[in-house]
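J.: Just need the structure, nothing else, for what follows:
(2 chains)
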Amino acid sequence: MARISLSSSLTPLTGGETGFELACANVRQLFQALGERYPALRGHLDTDVAVAIDGEIYQDALLQTILRDSEVFLFPKIAGG
Amino acid sequence: MADGLKYQQRELKVVGTRPLRPDGVDKVTGRARYGADINLPGQLIGKVLRSPHAHARILSIDISLALALPGVKAVVTRDDFADMPEEYAASGELTINFRDVTRNMMAREKVLYDGHPVAAVAATSEAIARHALTLIRVDYEILPHVIDVVAAMQPDAPLLNEEQYTEGVKPKPTRPSNIAKRLEFKLGDVAAGFGEAEVIVEREFNTKPVHQGYIEPQACIASTTEDGQAELWTSTQGHYVFRSQCAKVLQMDVSKIRVTPTEIGGGFGGKNNIYNEPLAIALSKKSHRPVKMVMIREEVFRATGPTSGGNVKVKLGATRDGRITAAAAELSFQAGAFPGSSVAPASMCAFTRYDLANVHVIGNDVIVNRPKVAAYRAPGAPIAAFAVESVIDEMAKKLGMDPIAFRLKNAAREGTQTYYGPKLGKIGYVETLEAARAHPHYSAPLGPNQGRGVATGFWFNVGGETSAALNVNEDGTVTVMLGTIDVAGGHRASMAMMVAEELGIAVDRVRPQVADTSVFGFNFVTAGSRATFAGGMACVVAARAAIEELRRRVAKIREVPLEAVLWTDGQAEPADRAAQSFAPMSLADIAKLAGRTGGAIAGHAEINAQGAGPGFGTHIVDVEVDRPTGAIKILRYTVVQDVGRAIHPAYVEGQLQGGAVQGIGWALNEEYVYGADGVLQNPGFLDYRMPVASDLPFIDTVIVEVPNPNHPYGVRGCGEVPIIAPMAAIANAVENAVGIRLCEQPMSPPRVLKALGAVRAGKS
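T.: I've put the predicted structure just below:
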């Protein structure tokens, strides 16, 4: 299963939980599982959250593959001026 | 990402050269059409009535006298726009909430800052429109206001939004607050890290809001039809985002709005958001005439987004041999009248140049009675860097270490675990530090009252939704349509160069054009140092698609298998002459036959670019402090930055110079000054002092190239990073020159004199 870690900035939305293991094949499945697990986080997943999968950062990439042994990190989405 | 889009080192003929930009002649001859240059037959002039108060409840608005004025064709107020529920969307810089967007473009229950729009008029002349504004009667109930971020965070501060409870705090607060959101990033054990520290430095810094200072005020013209279509010409960093936002707040179908971007006279993050555009469309709908709206400079300052001002507390611990053991910071940023400052990216940038085991960063997003902030080049990062890089410098001095050596000892490298999330990939921070240390500037002699400072910057860089379409013309030239705005940094030139490189043709055979919104699906704004990275990736995909079609066409014409056709140096050649020989065909040869062999040849790409490579920079500055006046003179300035790969080095150098100059202005003079009544005192360039050429030395640049592995040409992006370090570098140079540590921005003569006086008083 993929190892999922959450940035500490998201923990107020997850009841303090920062990491767990999850079987998911892509970001869409990850977000779906996260939304079910943490209802407070659900509304933020579409607009506020970026994902790093095995060190590569993805934003707005619902179909990006997550491998069984991937390391996944969720953190605030990044933009710029 | 497809492997073909990964960086591959190869010999390049176009990328890395310095051709003239395709938009250059138009710009230097005055032909280029900016927002205010667009005119339509029968157009009206739109003007906005703005709040004279920092905070007031709107009791009533009477537009009857204005409507009765001859020449006035339409007036709009809050009653002409639907109230929007809470709905969040990415706006280019930061997440926006349409509830707030609709209140920012036109006040509803309350005015929340001096300059907040209250009504808009369209009339047959500017004079009539201005006269009409004076005839609109607004009854206000004036409320207490708050301007300062620290004051706004106090429990007894006047509340801007009585329904706002601080997000990110558990349990949910029982009282409303101006603190919209609290963010927290943690790594390791900060208490233990400070316990290990042998030296601790702790400081507090304050900065004022500064404006992006683009030379072209916001300008647009809208024309609507009776069947509900709208056309809009506007100066924008993101015409698709403007279309989307206008459609939302005006409750129109996206397909019914066509936005044509004009040339843009600077944006720097300040033109990611709609202001007058929905008002112009609404006025046009009411008047059945085109409506043109051009802000004056005063409106730009009073009502368009500056960047945040902030209060930043930093604490750093290190061992005597120069290893940082713990770092902590609390950043509180003004968001303006609605939530959404750049405190999140600033918090994430604060310490990311360093490989740290123990970090704790808190960010507070705070609403105040000022215009809603917008992005400004590396949003928030310069404020964070001012504080952190000043403390880094002070720590190096306390440890008796060279400031670059101290940074190198603690520098982030590939594999460094960030405190906000992922591990860093391949980066070039160390390379910029080493290049700065080796630069002659770093060891040049200094005179009396002169000092040298160093500071560094980091920005993430981003990708995003991007399109490009490439059409091979009948003479073998190529037109490239771009979904991304050219914000005047040489975007069109860079895109043409990557297309020319792919096709193997001269760059002057490629003509790039920025497309209007009817050409592509959604494209993200040109922001976040993304346009060369993501736009370039789209151009490469489009060019490669066109090459595939060119090869297919040649295979049919020459009656050979597709795999027998190789595209090289701008022509189709046999892949293996011994196996399958045929006469090569140039792009022009194929184009000439295209119509009779299946039709025109094109390639297109619609991507969401991923894999942006972070950028790092190191700045060196020499200053001279004039003790009698407190004036700081910049003597010499060098920017060293890893850009991944410079597609057009001259335009990259321009970005590095421009960023440094804006950072110098931020450091030395720029600030919003409010009176006790909450009214902005300096909404013009006479009183809001930006640097001009005579204030500055030549800004030297050193381009470091550590290619981004996730881009076919190694591009990282370069526009954000150079504005991050100047404030801290200058503060460090002043400390080096006269021994005073400036923690307030701007470091203007009165502040320097005050600090010098405090030192003298202390000594006496």
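
J.: mind listing the helices in chain A by residue range?
T.: A:27-37, A:39-48 (DSSP state H).

J.: Pick out the shakiest of these, pLDDT-wise.
T.: Looking over the helices of chain A, mean pLDDT reaches its minimum on helix A:39-48, with a mean of 87.

J.: Pull out the buried residues from that helix.
T.: By 16 or more other CB atoms under 10 Å in any protein chain shown, the buried positions in helix A:39-48 come out as A:41, A:44-48. Where C-beta positions appear, they are placed from N, C-alpha and C, glycine not excepted.

J.: Now do the contacts for the closest residue to B:Ala357 other than its chain neighbours.
T.: Distances taken as CB to CB, 6 or more residues apart in numbering or on different chains put B:Gly188 closest to B:Ala357, at 4.6 Å, once the chain neighbours are dropped. The neighbourhood of B:Gly188, defined by CB atoms under 8 Å, 6 or more residues apart in numbering or on different chains, consists of B:326, B:356-359.

J.: Which one of these is nearest to chain A?
T.: B:Val359 (9.8 Å; CB to the nearest CB).

J.: so where's chain A uncertain?
T.: A:80-81 (pLDDT under 70).

J.: Do you have the strands of the stretch 1-150 of chain B handy? List them.
T.: Along the stretch 1-150 of chain B, counting by DSSP state E, counting those that start in this stretch, strands occupy B:44-50, B:56-62, B:72-76, B:88-90, B:95-97, B:110-111, B:117-123, B:137-142.

J.: Point out the most buried one among the ones you listed.
T.: Comparing those by mean neighbour count (mean count of other CB atoms under 10 Å in any protein chain shown), strand B:117-123 ranks first with a mean of 27.

J.: got the angle for it vs strand B:72-76?
T.: Strand B:117-123 and strand B:72-76 are oriented at 160 degrees to each other (axes from the mean of the first three to the mean of the last three CA atoms, to 10 degrees).

J.: circling back: quick check: the farthest pair among the buried residues of helix A:39-48?
T.: Using CB to CB, the two most remote members of the buried residues of helix A:39-48 are A:Leu41 and A:Thr47, lying 11.8 Å apart.

J.: what does chain A put close to chain B?
T.: A:7-9, A:11-12, A:43, A:46-48, A:50, A:52, A:55-61, A:64, A:73-81 (CB under 8 Å from any CB of the partner chain).

J.: Now the buried members of these.
T.: A:7-9, A:11-12, A:46-48, A:50, A:52, A:56-61, A:64, A:73-81.

J.: wait, isn't B:Ser287 in contact with B:Val72?
T.: No - contact criterion CB atoms under 8 Å: B:Ser287 and B:Val72 do not qualify, at 9.1 Å.

J.: Overlap of the contact sets of the two?
T.: B:Ala122.

J.: Identify the residues contacting B:Val199.
T.: Contacts of B:Val199 (CB under 8 Å, 6+ apart): B:317-320, B:395, B:398-399.

J.: and it, what pLDDT?
T.: What the model reports as pLDDT for B:Val199 is 98.

J.: Tell me which residue of the stretch 151-300 of chain B lies closest to chain A.
T.: For the stretch 151-300 of chain B, CB to the nearest CB, closest residue to chain A: B:Gly269, 2.6 Å.

J.: so that residue makes contact with B:Ala374?
T.: Yes - between B:Gly269 and B:Ala374 there is a contact at 5.7 Å, judged by CB under 8 Å.

J.: which residues sit against stretch B:494-502?
T.: B:12-15, B:17, B:19, B:22, B:468, B:470, B:478, B:480, B:482, B:506-507, B:509-512, B:532, B:535-536, B:539-540, B:542-544, B:547, B:647-648, B:651, B:712-713.

J.: now that stretch, how far from the centre of its chain.
T.: Distance of stretch B:494-502 from its chain centroid, counting by CA atoms, centre = their mean, to the nearest Å, is 24 Å.

J.: circling back: between the buried residues of helix A:39-48, which is nearest chain B?
T.: Using CB to the nearest CB, the buried residues of helix A:39-48 come closest to chain B at A:Thr47, 4.7 Å.

J.: To what extent is residue 10 buried, counted in neighbours?
T.: Let's take chain A. 27 (other CB atoms under 10 Å in any protein chain shown).

J.: You answered for a different chain; I wanted chain B.
T.: For B:Arg10, using other CB under 10 Å, the count is 9.

J.: three-state assignment of the nearest residue to B:Met105 once chain neighbours are set aside?
T.: Of all residues not flanking B:Met105 in the chain, B:Pro278 sits nearest, at 5.6 Å (CB to CB, 6+ apart). The three-state label given to B:Pro278 by DSSP: H, G, I helix; E, B strand; the rest coil is helix.

J.: From B:Met252, how far out is B:Pro278?
T.: Distance of B:Pro278 to B:Met252, given as CB to CB, to the nearest Å: 10 Å.

J.: repeat for B:Gly340
T.: Relative to B:Met252, B:Gly340 is positioned 24 Å away (CB to CB).

J.: More neighbours: the two, which one.
T.: B:Gly340 (25 against 19).

J.: So which elements touch the strand or helix carrying B:Val621?
T.: Element membership of B:Val621, judged by DSSP states H and E, is strand B:615-625. If you count contacts as 3 or more CB pairs under 8 Å, 6 or more residues apart in numbering or on different chains; DSSP states H and E, strand B:615-625 packs onto helix B:429-438, helix B:440-443, strand B:450-459, strand B:632-642, helix B:726-738.

J.: now for the ones you listed, which one comes closest to A:Cys24?
T.: Minimum separation from A:Cys24 across the helices and strands packed on strand B:615-625 (CB to CB) falls at strand B:450-459, 30.1 Å.
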